[in-house]
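Participant: Fold the following, please.
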Amino acid sequence: MTNQSFTDEVQELDALIASQQWDEAFPLAQDLMDKIPLTPGVLERLAQVLRGQEDWEALLDVLMRSRNRYQLWPQGSDLLMGQGMVELGRWSESIPYLELAVAQDSLSGWAHHFLGKAMRHTGHLQDALTHQQTASDQLPEFPWAPFEAGQLLQELGESKLAILEMQEARQRSGKSNEVIEAEWQKLKPVVILEQVDQLIDAGKTNEAFSALRQAMLQNPDHSALDERLLQLISAGKTDHGPAEQSGLDASAVLDQELTQIEGLLDQLEAKASSVASTDNEITFL
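Facilitator: The predicted structure follows:
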């Protein structure tokens, strides 16, 4: 291959890579690798194309063959190997490569992100959280790092902190993302319960009941809301200070609260009857 033909092919390949035309770029990249594998930049371009095609098996094969046959292991190969293994669900195998990638470049948000995913799937939740939060800081527009961090916080029992991460993920995603929104819906009752507790602490019991009622209408299948209501009733929360300040007398406030409680209990009974009816139908069938 002459210098001119090499230059022409590389320019054509680079143009296809820049426009993310991966399928068109692959034959050119593979041809260069077959002809001049030791030329700097050839392996890197083929690896980039395979990554763009998301052909992870082929990517791992090319990297390993190049290392074993030509002793080629260009910068970034550990990250590519680790990512490929993560994408294929080879969690434990990916960790040594990704740890090397982090050691080589501690500011690589991608290395932290994929290492966090691998750590999570191998049961190292706290380490996984640290890596995802680091990735989130280093990739400020990437929504999946805070999303993963939010899920990890839920698994660690830190639902309130998970809310902050999920809010960040929603903000970064820009438009509605079904996966992120589905996870956010699971956390909404936690947000509501936090608001209810704040209202109770402020002596606004009436408003707390109102917030719970509205939340139960919007989230009828969330048992935590039902449990919080029953706790509130059994605790006998009847502080009328805020209502009295608004000009209502204590008896009127109490009547209003009891009405709200009765309505909520009716909803609970209706839900229980519905479940029992369904069980009977299933038994009958």
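
Participant: Ranking helices and strands of this protein by mean pLDDT, which lands last?
Facilitator: Every helix and strand of the chain was ranked by mean pLDDT, DSSP states H and E. The lowest is helix 241-245, at a mean of 45.

Participant: Quick check: pLDDT value at Leu285.
Facilitator: With respect to pLDDT, Leu285 has a value of 36.

Participant: mind saving the C-alpha coords of the helix or strand where Asn206 lies as CSV?
Facilitator: Using DSSP states H and E, Asn206 falls within helix 205-218. Only the C-alpha atoms of helix 205-218 are listed here, as CSV (Å, rounded to 0.1, in the frame of the first residue of the first chain):
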residue,chain,number,x,y,z
THR,A,205,-51.9,18.1,60.7
ASN,A,206,-54.9,19.1,58.6
GLU,A,207,-52.7,19.8,55.6
ALA,A,208,-50.8,16.5,56.2
PHE,A,209,-54.1,14.5,55.9
SER,A,210,-55.0,16.5,52.8
ALA,A,211,-51.6,15.7,51.2
LEU,A,212,-52.0,12.0,52.1
ARG,A,213,-55.5,11.8,50.6
GLN,A,214,-54.4,13.4,47.4
ALA,A,215,-51.4,11.1,47.2
MET,A,216,-53.5,8.0,47.8
LEU,A,217,-55.8,9.0,45.0
GLN,A,218,-52.8,9.3,42.6
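
Participant: which helices and strands does that helix pack with?
Facilitator: Applying 3 or more Cβ pairs under 8 Å, 6 or more residues apart in numbering; DSSP states H and E, we find helix 205-218 packed against helix 178-201, helix 223-234, helix 241-245, helix 250-284. C-beta coordinates here come from the backbone N, C-alpha and C atoms, glycine included.

Participant: Just give me the lowest mean pLDDT stretch among these.
Facilitator: When I compare the helices and strands packed on helix 205-218, helix 241-245 is least confident, with a mean of 45.

Participant: re the thing from before, which positions in the helix holding Asn206 come out as buried?
Facilitator: Across helix 205-218, burial judged by 16 or more other Cβ atoms under 10 Å covers Thr205, Asn206, Glu207, Ala208, Phe209, Ser210, Ala211, Leu212, Arg213, Ala215, Met216.

Participant: Where does the prediction get shaky in the stretch 51-200 of the chain?
Facilitator: Within the stretch 51-200 of the chain, no range satisfies pLDDT under 70.

Participant: got the residue ranges for the helices in it?
Facilitator: Here the stretch 51-200 of the chain has its helices, by DSSP state H, counting those that start in this stretch, at 56-70, 77-87, 91-104, 109-121, 125-138, 144-155, 159-173, 178-201.

Participant: contacts for the first one?
Facilitator: Contacts to helix 56-70, defined as Cβ atoms under 8 Å, 6 or more residues apart in numbering, come from residues 33, 37-38, 43, 46-47, 50-51, 72-73, 77, 80-81, 83-85, 87-88.
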